[in-house]
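Novice: Here is my input, please return the structure:
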Amino acid sequence: MAIVIVKKTAAPTQAVTPSQSKRTTGHAKPLPIDTSALLKPGRLKPGHLMTLFGISHSTLYARRATGLIPPPDLKEYGRPLWFTSTIAPFFGVKE
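Specialist: Modelled structure (predicted):
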């Protein structure tokens, strides 16, 4: 009985044009959150603030620059984070 070795070839790949590739804008996206989450200790990303305040990413950063939204409590991997205790007073939530 003879042994036949079959060489597997890779499937042909198609060139991906820039219009076909997934593009990311680098902007924050709104993230789902409920105001009841402000009662518990936690961290909020810019997307959470966008949802809570009902604003876009450009408005969030504009309000941050003017001082209407406090500066982030910390940065993790270069990304701003706020503690829920910092944002809760804007919604009348008492600890």
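Novice: what does the lengthiest strand in the chain rub up against?
Specialist: The residue-count maximum for a strand in the chain (DSSP state E) belongs to strand 79-83. Residues from elsewhere that reach strand 79-83 (Cβ atoms under 8 Å, 6 or more residues apart in numbering): 41-46, 49, 70, 72-75. All C-beta atoms are positioned from the backbone trio N, CA, C, and that covers glycine.
Novice: pLDDT below threshold where in this protein?
Specialist: 1, 8, 10-25, 95 (pLDDT under 70).
Novice: Please produce a PyMOL select command covering the buried subset of the contacts of strand 79-83.
Specialist: With 16 or more other Cβ atoms under 10 Å as the criterion, this PyMOL line picks the buried residues out of these:
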select buried, resi 44+45+46+49+72
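Novice: from the contacts of strand 79-83, which ones fall inside helices?
Specialist: 46, 49 (DSSP state H).
Novice: would JSON lines of the contacts of strand 79-83 with distance to residue 31 be doable?
Specialist: Formatted as JSON lines, the contacts of strand 79-83 follow (distance: Cβ to Cβ, whole Å):
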{"residue": "41", "distance to residue 31": "18"}
{"residue": "42", "distance to residue 31": "12"}
{"residue": "43", "distance to residue 31": "12"}
{"residue": "44", "distance to residue 31": "9"}
{"residue": "45", "distance to residue 31": "6"}
{"residue": "46", "distance to residue 31": "9"}
{"residue": "49", "distance to residue 31": "9"}
{"residue": "70", "distance to residue 31": "19"}
{"residue": "72", "distance to residue 31": "15"}
{"residue": "73", "distance to residue 31": "17"}
{"residue": "74", "distance to residue 31": "18"}
{"residue": "75", "distance to residue 31": "18"}
